[in-house]
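1. With the input below, show me the fold.
(3 chains)
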Amino acid sequence: MLAAIINPFTDPFPGAQENIAALLWAIIALPLAGAFLCGVLGRFMGRANTNFVACATVAGSFLLSVCAVWAVGAQSTQYISPASGVPVRWALWLDLGRWFSAGDFSAHYGLTVDRLTAALLLVITGIGFLIHVYSTEYMEHDDGYWRFFAYLNLFVAMMLTLVMADNLILLFVGWEGVGLCSYLLIGFWYTDTEKAAAGRKAMMFNRVGDFAFIIGMIFLVLLLGATEKMGRETVLGRTNFTDISRARAWVSALHDQGPLNIEVLREWAYRIPPAGPKTRMGMNLDTVITTEGPLQGKTFGHVLTAALLLMLLGAAGKSAQIPLYVWLPDAMAGPTPVSALIHAATMVTAGVYLFCRLSFLLVLSPTAMAWVAMIGALTAVWAALIAFAQDDIKKVLAYSTVSQLGFMFMGVGVGVFWAAALHLVTHACFKACLFLGAGSVMHGNGDETDVYRLGGLRKEMPWTWATFGIATLAITGIVPLSGFFSKDAILHGAHTAEVLGIPWLGHTVYWIGLFGALCTAFYMTRIYVLTFEGKRAADARLPHAHESGFRMVSVLVILAFLSVVGVVWGLPDMFPGPGGEKVALMEGYLAPAMLLTDRFASSYDTVKHLHASPIPGYIVAWAVALVGGAAAWLVFRSWLPARAGKPLPAPIALFWRLARHKFYVDELYDFVIIRPFTALSRGLYSALDTWIIDRFAVGGTAAVLRRAGSWLRYTQTGNAQNYATVMAVGLLISIGVVLTWVLR
Amino acid sequence: MDGITLQHYLFLAALLFSLGVFGVLVRRNALVVFMCVELMLNASNLTFLAFARDAGMDVGHLPALFVIAVAAAEASIGLAVIIAVFRSRGTVNVDDIRTMRL
Amino acid sequence: MTTFLFYFFAILTVVAAAGVIAARSPIYSAMSLVGTFFCLAAIYALLLAHTIAVLQVLVYAGAIMVLFLFVIMLLSLGEASGPAKVTVPRVVGGIAAAALFALLVVAARPFVPVAAQTPPSFGTLQSIGAQLYTQWLAPFEAVSLLLLVAMVGAVVVAKSRV
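-> Predicted coordinates for the structure are as follows:
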């Protein structure tokens, strides 16, 4: 089995598709059932049982995920794609039936596992399980433990839905589900208004992204519909569909599986190539859409780019990039295991996963790639600069996450998807280790998060110190730890990338990324120095810190171990790749998932990577990391303590103040967006709600009825004779009606 | 009947009925109101009998018979009610018996 | 002859009816009503409704009016009451009565009298009885039940609280 994971091309498990694919639903169902049990019966089951149920379900998911990973290690594990009739290798597929259909649109409950999903499955269930174990000790004094584990299990289930979905609609279900769980868990201690507000902020910014995502999906649906229509009706379109049986398969899958099925999208991309010298006759991305509707007059390529940019906005919301990153630092109001799982390892990587999944679309649009890369690069540097001056250890780690996600987006934008995925995996390990280490520090110091009130924990909390130190080395990118190779694979990819029509992209991203690596080294070393080195601060909360218990420490050790051994996946040019040349292990592992992407990139020259040796780049990056780390060490160990009492030089002080206030971005958003909105809402409330609806419609109706009622009351005199009069008048009228009208 | 047609009887019955309605709606004494109700019943009886005579079918007398019987029953109960009201309120003036007022 | 008798009794009936509604004292109203009943009985006889005429005198004038007079005398309600108050409902009631009269007259106009031949046994006791106890037995029994209920009810309602 180990060979299956390391060597991508062995053939160990015949019959995998039939047996293991049938169990894919259980990977999601187990944590879902756990969430239900913990939520409904948690209080009656007691703490120990709830802990067991929660951890056991995730452990079960992990075991099943290992089976799935084992299965996709073999070339014989394949399924026939419904959209093309061509077998898809190294992948599992389970179609649980149609979910809904409305007119031409339909969606299925389909689960698929390929190499990319496999990597993420291990991360989610493995690190998820470790964090569940950690939480059993971290939350041992909290009364809402049953709620916590229910939400946590639900989160794992939703994230698994996201990565295993075979169409974008089901992916979006998982997308929104993790957003929901994020909200629930950030605001876990909801009785504190600030914490609840942090949860709400996360939800709001996520929703902005979700909205953009939905519009992007709609564009794709319209795009595929237009393609089918033009393929049937126009002469030009018919030349794209001359292979009858395969085209027929695509059309029937378009109607049955739905236009947002990944296989269907793949076939579409296969049929509609970019315009260029190698492109065959027929429709291509420069063809103008002639069908009636909102897409008329635009080219396929423009619509595709628009859809991808909208999805970028959606991913920016979920993965905390500019302009929607501001919720992540506030999200540190939630319990630390939540920050570790959701805001370091899994949910925030959903954006990166989305782009890796849709990589075959992304490489068709150089414009979108440039946007993704630049947003990622700018976010990486911006967040790193903010992290310089934060005193709260969790906030620093939050900004660090934003920055590292920027790196991943950079990787996606320049076309090295395998490097971005690798960084995703390694980052999950060491960032979770860092967060849980911070949690351990808090647990042992009376929930203290201000680093200026910590210090000297090296002796008092040895295990935490060691694991935190290892993880810090990993993130700053010191050889031979894993973070180095993954980050520098991205940088190398950026350096050697040539994106069609945008020649400056690769180099710009590279230099920005290098600066970001320098900043990463600086702020992480700062935090490490201030927390663990030196003497204990005078105004610490507790006189002595105590080391955390076995459950927490063991998880830290495992994660630190993974941070170290993850290096195996990033070592360059060691393993045979798909084209025969030697590539890094992760690249080779993910190659089957990226087949179409690689083919597009090479056939249409939209993004090319020059073959250059990565070694010089590695040396530069290593030097940068060492310089950054050493600078931080010197500044915070020697320089600043020596200058105690003296003010900082003016430019540094100014920068420090700006960085501490997060460059006033929150204030800007508040001023430009929130305040006008609140004013509008208040205006509408007082004008529309209070006046027109409350006073006029509701109150007015009541007043009219009251008047009419009190007026009509005068007929109820109590005098039977008056009643008789009324009856007589009524009789009169009815006789009159009968005489004149009925008996004409 | 020479010269006296159905219409004459109907006219008389209408007159009696209207006089009865007038009395019911205008008089203050509950007993007088009751008597006017009897007047109305008699007017309807007259109508029945006039039509029976005109059509030559004496089966029309039977409803009139029943009306008389029902009027008897109604009179007994109504007077019992008036007695009870007089006993509790001391008056039979309809303007003073206003218990059904809102 | 019939014409004279009809007009004679008709005018008497109307005068008596007017007396019912216009009399100040309830006793005068009651006596006027008795007169009305007698005159109506005569008119019923003109309509060849012999049985009904007799029953009118027996039951209406003989029983119901006696009951009325009993109650008036028992409760000493014989004094004349003051002038009637002119209120809006009363005016409306008066107008309604007048309008009702007009409508009824208009409604009665289209009827074309047939003036069918009547057999000698028209309206006799034998004829009425034959139909009453065969075809109309159910309503007959129902009415007798009604009278029983009325009797019991009257006793219950008028009983003084013990």
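
2. Residue 129: how many residues sit nearby?
-> Since you didn't name a chain, this refers to chain A. 22 (other C-beta atoms under 10 Å in any protein chain shown). (Glycine included, C-beta is placed from N, CA and C.)

3. Let me rephrase: I mean chain C.
-> Other residues close to residue C:129 by other C-beta under 10 Å number 11.

4. now the strand or helix carrying it: mean pLDDT?
-> Secondary-structure assignment from DSSP states H and E places residue C:129 in helix C:125-134. Averaging pLDDT along helix C:125-134 yields 92.

5. who's in contact with whichever helix or strand comes after that helix?
-> Counting by DSSP H and E, the element after helix C:125-134 in chain order, helix or strand, is helix C:137-158. Helix C:137-158 is contacted by residues B:62, B:66, B:69-70, B:72-74, B:76-77, B:79-81, B:83-84, C:132-133 when judged by C-beta atoms under 8 Å, 6 or more residues apart in numbering or on different chains.

6. Cross those residues against strands and list the overlap.
-> The members of the contacts of helix C:137-158 all map outside strands under DSSP state E.

7. Can you check what angle separates the helix holding residue C:129 from helix C:137-158?
-> 80 degrees (axes from the mean of the first three to the mean of the last three C-alpha atoms, to 10 degrees).

8. Now do the same contact list for residue 65.
-> Went with chain A since none was named. Residue A:65 sits in contact with A:27, A:118, A:121, A:122, A:124, A:125, A:126, where contact means C-beta under 8 Å, 6+ apart.

9. nope, chain C please
-> Contact analysis of residue C:65 by C-beta under 8 Å, 6+ apart lists C:30, C:33, C:34, C:37.

10. so which of those is the most crowded?
-> Ranked by neighbour count under the definition other C-beta under 10 Å, the contacts of residue C:65 are headed by residue C:33 with 28 neighbours.

11. where's that one, which helix or strand?
-> If you go by DSSP H and E, residue C:33 is part of helix C:26-46.

12. right, is that helix up against chain B?
-> Yes. Residues of helix C:26-46 contacting chain B under C-beta under 8 Å from any C-beta of the partner chain: C:26, C:29, C:30, C:33, C:36, C:37, C:40, C:43, C:44, C:46.

13. how about the nearest residue to the first one, chain neighbours excluded?
-> Distances taken as C-beta to C-beta, 6 or more residues apart in numbering or on different chains place residue B:31 nearest to residue C:26, at 5.0 Å, with adjacent residues excluded.

14. Let me see the mean pLDDT of the helix ranked longest in chain B.
-> Assignment by DSSP state H gives helix B:61-89 as the longest helix of chain B. The average pLDDT within helix B:61-89 is 92.

15. which secondary structure elements does that helix contact?
-> Packing partners of helix B:61-89 (3 or more C-beta pairs under 8 Å, 6 or more residues apart in numbering or on different chains; DSSP states H and E): helix B:30-55, helix C:50-55, helix C:65-74, helix C:125-134, helix C:137-158.

16. So which of those is the most surrounded?
-> helix B:30-55 (a mean of 23; mean count of other C-beta atoms under 10 Å in any protein chain shown).

17. and it with helix C:26-46, angle?
-> 10 degrees.

18. tell me how far helix B:30-55 is from the chain's mean position?
-> 6 Å (C-alpha atoms, centre = their mean, to the nearest Å).

19. Measure how it sits relative to helix B:61-89, angle-wise.
-> Helix B:30-55 runs at 180 degrees relative to helix B:61-89, counting by the same axes, to 10 degrees.

20. by contact count, what packs against helix B:30-55?
-> Judged by 3+ C-beta pairs under 8 Å, 6+ apart, the packing partners of helix B:30-55 are helix B:6-26, helix B:61-89, helix C:2-22, helix C:26-46, helix C:65-74.

21. what's the neighbour count on residue A:122?
-> For residue A:122, using other C-beta under 10 Å, the count is 18.

22. Chain A contacts on chain C?
-> Within reach of chain A by C-beta under 8 Å from any C-beta, chain C has these residues: C:89, C:90, C:92, C:93, C:96, C:97, C:99, C:100, C:103, C:104, C:106, C:107.

23. Kindly recompute the last result at 10 Å.
-> Selection of chain C residues close to chain A by C-beta under 10 Å from any C-beta of the partner chain yields C:87-97, C:99-100, C:102-104, C:106-107, C:110.

24. Would you show me how to pick out the buried ones of those residues in PyMOL?
-> Selection command for PyMOL covering only the buried members of these, criterion 16 or more other C-beta atoms under 10 Å in any protein chain shown:
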select buried, chain C and resi 89+90+92+93+94+95+96+97+99+100+103+104+107
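
25. Go through the residues of chain C next to chain A and flag which are in helices.
-> Taking DSSP H, the ones among the residues of chain C next to chain A that sit in helices are C:88-97, C:99-100, C:102-104, C:106-107.

26. how close does whichever residue of chain A sits closest to chain B get to chain C?
-> Residue of chain A nearest chain B, by C-beta to the nearest C-beta: residue A:718 (2.9 Å). Residue A:718 sits 12 Å away from chain C, going by C-beta to the nearest C-beta, to the nearest Å.

27. Of the residues of chain C next to chain A, which ones also sit close to chain B?
-> Within the residues of chain C next to chain A, those near chain B by C-beta under 10 Å from any C-beta are C:87, C:89-97, C:99-100, C:102-104, C:106-107.

28. which element is residue A:682 on?
-> Element membership of residue A:682, judged by DSSP H and E, is helix A:675-684.

29. Let's check: the centremost residue of the chain is which one?
-> Reading this off chain A. Nearest to the geometric centre of chain A sits residue A:350, at 2.6 Å (C-alpha atoms, centre = their mean).

30. other chain: chain C
-> Centroid-nearest residue in chain C, with C-alpha atoms, centre = their mean: residue C:37, separated by 6.2 Å.
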